[in-house]
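K.L.:
Give me a model of this one.
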Amino acid sequence: MKSSLCLGLFILLGVLPDVGEAQYLLPGDNMTLQGIAPIPEEVADKAGRYTQYRSASFAQWHPERLEMLVRTRFGNTTQIHRVADPGGFREQLTFFDEPVAGLSAYAANGPDGDFFTFVRDVGGGEFYQLYRQDVVGGRTTLLTDGAKRNSGGVLSDISGLLAYTRRDADEAGAFTQIRVMDPRSPQSDRLVTTLRGGGWRPADWSPDAGSILLIEYLSINDSRVWVLDVSSGKTQRLLPAEGDTSAAYRGASFSKDGKGFYVASDKNSEFRKLTYTDLETLQQSVLGGGIDWDVGSMDLSRDGKRLAYSVNQAGVSALYLLDTETRQSTRVENMPVGVLRGLRWHNDNEHLAFSLGSASVPGDVFVLHASSNEIVRWTHSETGGIDTTMLPQPELIQWRSFDGLEISAFFYRPPNKFAGKRPVIVNIHGGPEGQSRPRYLGRWNYFLNELGVAIIYPNVRGSSGFGKTFLKADNGMLRESTYKDIGTLLDWIATRDDLDADRIMIRGGSYGGHMALATATRYSDRIACSVNLYGLSNLRTFLENTQGYRRDLRRAEYGDERDPEIRAWMNRTAPMAMVRDIRKPMLVQQGANDPRVPQSESDQIVASLQEVGTPTWYLLFDDEGHGFRKKSNADFAFYTVVMFAKECLID
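P.N.:
Coordinates of the predicted model:
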């Protein structure tokens, strides 16, 4: 039933009041709606300014000039823009209906002038293709096959070759091609090697451009570092050694002399440390002192003298600079408080760019001048007129779960103008190896500031950032303990004089959607309603239907559905097996092109809920995948949540 029927759709659903057409939002032709009440234009009028924020993320430095490319959105989708100086005009360079998902490289002195390469898909399907765009003239050239999933993109400064991956799957399992090409000449594209598994990616070229460091990702707890000889296609495993204990490795980068490499590793540690490995002896040394938090982003300056790296300290980013000669680290003390991503040195070895967001910053680009220690904000993203200094800062809360394990969350309180016990939204992150961190709430600030709803972002067991023991605590059949963590959060809410334990909405996307479903089945009597965005309704059917290149990666987390014992457990504990226990209203939202959590996961739970008579709203986007990346779709999805909350949580 398509939304082009407009109000006729609502009449057919039996939910249209006897009033004029102009008072309601009309869904787009790309949307299918079931059971959804018509949304008054008044909802968009009141909440609309909270949807008008933007963000900017760093993409690449120009190889010669002190200017950069950023990803930001001026229209309906995120595109590439050029910024020539701090606070300068953002000049849009790409103009596609689909968002640009990432930018791989930026090179100078090509035959047609400077160019950059980027990846883009269609409709959120994640079958990414690599493109080259010439800065002079703006011509765009498809570089890849146009069909399979292509991703990555590491450019060698010496050879000018771009290393990237192409993924596929067959009955025997997933495999990854490592390919190289000169972006100036697409016909130069060639296969270097084909590797079994879907978790491979190129990390860095050697200084002589003869080899590539590869990361093989098996799970968040288990990965490997390899080196690939580009001429022969032969690979050598570097870390961990054969038969050694498994460990997680992130962000491998060759040293300037090519005699070793830097990588974040949790070998013999609860947390990922900065390490250096000698290529001749494969001896691994821990750098950066005794910081018991995970190292995240890292980048080595072009002269090899400084290595910048971030550390996730209780959800907030700290920035450090390592002197590679003395191996001494210094913390950058004047960093803005927030969550940092995407470190990148300019070729001048002095300017370090990064993206940063916080509760009051929707996401912008900052640059550190290493010698002077000065930090300059290069972009100032709009917030729809919202005074961000008045937005609440999150409070870190902690409680003990059923087995004594300490669980934490970030708690956003509504303003003091709202009296009495406040309704609560519990927003559960995906992953499941994700982590809720202090961030700009965007649209959700409407719930805080205008509706007086408290919002809690929990980090249940299995979340990253708290050590690998905590990270592994939900694997396989341990998963039910995670559901109980939410139960004990409901207990915590019930002890609060400022929160209304009778008005709780559970919301989550992807694995967070699975958690919303699991909570709705196990604690239906303790919640008012739930919102499930593209959630896993049965781990078994999810694993059977997710894209083949991802299947083994997810089995490492959830268990192997081909094992009879695991399969029986998945079927027994699935929300699909407990649909009759979901007695409170549920809103389900899904992208039809989702390659990770396919539409079938939402379709089957919606059909079952409708069969047992549970009030169910279902919104399906024909042109979205895993998450809603077009502003018009994200806005309509949000207004649907607002309307749903007004019916089951607020009014």
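K.L.:
Can you list the low-confidence ranges for the protein?
P.N.:
Of all residues in the chain, those with pLDDT under 70 make up the ranges 1-22, 109-113, 169-173.
K.L.:
Relative to Ile455, how far out is the spatially closest residue to Lys421 that is not a sequence neighbour?
P.N.:
Distances taken as Cβ to Cβ, 6 or more residues apart in numbering place Asp500 nearest to Lys421, at 3.9 Å, with adjacent residues excluded. Heads up, the C-betas are built off the backbone N, CA and C, glycines and all. Distance of Asp500 to Ile455, given as Cβ to Cβ, to the nearest Å: 13 Å.
K.L.:
Now do the shared contacts for the two.
P.N.:
Counting by Cβ atoms under 8 Å, 6 or more residues apart in numbering, the common neighbours of Asp500 and Ile455 are Val424.
K.L.:
Who has more neighbours out of those two?
P.N.:
Neighbour count, other Cβ atoms under 10 Å: between Asp500 and Ile455, Ile455 has more, with 24 against 18.
K.L.:
List the residues that contact that one.
P.N.:
Ile455 makes contact with 411-412, 424-425, 427, 441, 444, 447-448, according to Cβ under 8 Å, 6+ apart.
K.L.:
can we see that at 6 Å?
P.N.:
Ile455 is in contact with 412, 425, counting by Cβ atoms under 6 Å, 6 or more residues apart in numbering.
K.L.:
That one pairs with what?
P.N.:
Listed beta-bridge partners, Ile455: Tyr412, Ile425 (assigned using DSSP bridges).
K.L.:
Just give the closest residue to Thr72, not the sequence neighbours.
P.N.:
Of all residues not flanking Thr72 in the chain, Ala56 sits nearest, at 4.2 Å (Cβ to Cβ, 6+ apart).
K.L.:
looking at it, the one you found is touching Arg71, isn't it?
P.N.:
No. When contacts are counted by Cβ atoms under 6 Å, Ala56 is not listed as touching Arg71 (7.0 Å).
K.L.:
How many residues are close by Gly198?
P.N.:
Neighbour tally, Gly198, other Cβ under 10 Å: 24.
K.L.:
Tell me the secondary structure of it, please.
P.N.:
Using DSSP: H, G, I helix; E, B strand; the rest coil, the structure places Gly198 in coil.
K.L.:
Residue numbering should commence at 869 henceforth.
P.N.:
Sure thing, new numbering starts at 869, so read that last one as Gly1066.
K.L.:
In contact with it, which residues are there?
P.N.:
Taking Cβ under 6 Å, 6+ apart as the criterion, Gly1066 is in contact with 1035, 1042, 1417.
K.L.:
from the middle of its chain, how far away would the strand or helix carrying the last one be?
P.N.:
Following DSSP states H and E, one finds Tyr1417 within helix 1416-1426. For helix 1416-1426, the gap between its own C-alpha mean and the chain's C-alpha mean amounts to 17 Å (Cα atoms, centre = their mean, to the nearest Å).
K.L.:
What ranges does the protein have for its helices?
P.N.:
With helices called from DSSP state H, the chain shows them at 875-881, 909-915, 1313-1317, 1336-1340, 1347-1362, 1379-1390, 1407-1413, 1416-1426, 1432-1441, 1467-1480, 1499-1513.
K.L.:
Out of the ones you listed, which gets nearest to Thr1103?
P.N.:
helix 1416-1426 (18.6 Å; Cβ to Cβ).
K.L.:
What residue, apart from its backbone neighbours, is nearest Ala1042 spatially?
P.N.:
That would be Gly1066: by Cβ to Cβ, 6+ apart, it lies 3.6 Å from Ala1042.
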